[in-house]
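Peer 1: Next comes the sequence, and after it the predicted model I'd like to discuss.
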Amino acid sequence: MDWPVISDADVLASRPAKNRLDPWKPYAFLVEPERSAAGSVDDVMTIFLTNRECPFRCTMCDLWKNTLDERVPVGAIPAQIDYAIKRLPPAKHIKLYNAGNFFDAQAIPVEDHAAIAQQVRQFETVIVENHPRLTDERCVRFRDQIETKLEVAIGLETIHPTVLSGLNKRMTVDDFDAAVRFLVGHKIEVRTFLLLKPPGLNEGEGIEWALRSLHHAIDVGVQCVSVIPVRSGNGVMETLSERMQFSSPTIRSMERVLEHGLEFVRRVSPSTRVFMDVWDIAKFFNCPSCGPARSGRIQRMNLTQQIEAAVECSDCDQDNR
Ligand code: SF4
Ligand SMILES: [Zn+2]
């Protein structure tokens, strides 16, 4: 397969319209169970903050759909957090996901950090997203302000050098490693997002590079890995599909990566968690008979971190031997 080379201009030219958002309200919020670092299953609140679009233009990203073109006014982010917390049941941990980078001052105004810290101090863990190139003393200052455990989620995406540079993320594996070492050195936990089958890889390579990337992330010091099966839906991914440079992974590949990932951490790093992202998982069903059972298996394995017996299917097992 050719390696797709995508520029900012390609990404922008292929985009459908953004959703219209109110800067004073989060665009989504929910509480869901997640396996904790301590081994319990805890409720985690996720607030999807409305804020200015991320300045990077990664090929596979569709998070820009729920962003603004302008910086939010000072006070808007604390108002959004307040809005969600008042409407959700209590939870032990909180994710403040901003479809970008929490420590980008154009996204989350620094003037709001103290107010945000006050709001989230009650949670055992505060999880935010960030790019390696924005990972520095700003994270440490915020950790000191919240006075509770900070976890920073960083997308490594893949350690495949050609694919990573083709994703237009403007980072190298060395940038990622340096960011993880910096955070771990300051007692800030790190979770990472890895891609299953980014553009340019076939099904087998997709599995292989997801696992190589997982091994690398854990070697560097990441304590939680979330694997994201790559989807279409942002415009440029559809263009790559038409050029035969991208197709989504199957749910069987998702199961294989999760199984191998769980087996790997059981042997080398038992406190590390491995999750398979299940958002919109029906998109990855390639057999209607067993898709729901495979989805249920993945969701239970995410919570228990144990490998379950494989799903058997008389309709498709023959084709997948
Ligand atoms: S850095 Fe993250 S939010 Fe920004 S474009 Fe890339 S994937 Fe999307
Ligand atoms: Zn089947």
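Peer 2: Done, it's in. What you see is a predicted model, and the numbers here were worked out from it, not measured in a lab. Ligands and ions are numbered 1, 2, ... in the order given.
Peer 1: ok, how many other residues are close to residue 34?
Peer 2: For residue 34, the count of nearby residues is 21 (other CB atoms under 10 Å). Backbone N, C-alpha and C define where each C-beta goes, glycine included.
Peer 1: So what sits opposite it in the bridge?
Peer 2: Residue 34 has the following beta-bridge partners by DSSP bridges: residue 42.
Peer 1: Pretty sure it sits against residue 46.
Peer 2: No. Between residue 34 and residue 46 there is no contact under CB atoms under 8 Å: 9.4 Å.
Peer 1: Confirm that residue 228 sits in a helix.
Peer 2: No. Applying DSSP: H, G, I helix; E, B strand; the rest coil, one finds residue 228 to be strand, outside a helix.
Peer 1: how much space between residue 306 and residue 317?
Peer 2: Going from residue 306 to residue 317 by CB to CB, to the nearest Å gives 23 Å.
Peer 1: neighbour count winner among the two?
Peer 2: Ranked by neighbour count (other CB under 10 Å), residue 306 and residue 317 place residue 317 first, with 13 against 9.
Peer 1: So which residues of the stretch 101-250 of the chain form helices?
Peer 2: Assigned by DSSP state H, counting those that start in this stretch, the stretch 101-250 of the chain shows helices spanning 113-120, 137-146, 161-166, 173-185, 203-220, 236-242.
Peer 1: Where does residue 295 sit: helix, strand or coil?
Peer 2: Under three-state DSSP, residue 295 falls in the helix class.
Peer 1: do the same with the one 4 residues further on
Peer 2: Residue 299 carries the three-state label helix when classified by three-state DSSP.
Peer 1: And the pLDDT at it?
Peer 2: Turning to residue 299, the model gives it a pLDDT of 98.
Peer 1: Next up, the contacts around the residue nearest to it when sequence neighbours are not counted.
Peer 2: The shortest distance from residue 299 to any non-neighbouring residue, by CB to CB, 6 or more residues apart in numbering, is to residue 278 (5.7 Å). Counting by CB atoms under 8 Å, 6 or more residues apart in numbering, residue 278 touches 295, 298, 299, 302.
Peer 1: out of those residues, who has the most neighbours?
Peer 2: Using other CB under 10 Å as the neighbour test, these are led by residue 298, with 23 neighbours.
Peer 1: near ligand 1, which residues of this protein?
Peer 2: 54, 56, 57, 58, 61, 63, 99, 100, 131, 155, 169 (CB under 6 Å from any ligand atom).
Peer 1: Would you check which pair of those residues lies furthest apart?
Peer 2: Spanning the widest gap among those are 99 and 169, at 14.9 Å by CB to CB.
Peer 1: Give the other helices and strands that the host helix or strand of residue 275 contacts.
Peer 2: Residue 275 is located in strand 273-276, with elements delineated by DSSP states H and E. Strand 273-276 sits against strand 28-35, strand 224-229, helix 251-268, helix 291-304, with contacts defined as 3 or more CB pairs under 8 Å, 6 or more residues apart in numbering; DSSP states H and E.
Peer 1: and those as TSV, adding distance to ligand 2?
Peer 2: Shown next, in TSV, are the helices and strands packed on strand 273-276 (distance: least, CB to the ion, whole Å):
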stretch	distance to ligand 2
strand 28-35	27
strand 224-229	17
helix 251-268	9
helix 291-304	7
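Peer 1: Need the winner for burial among the ones you listed.
Peer 2: Here the criterion is mean neighbour count by mean count of other CB atoms under 10 Å, and of the helices and strands packed on strand 273-276 the winner is strand 224-229, at a mean of 22.
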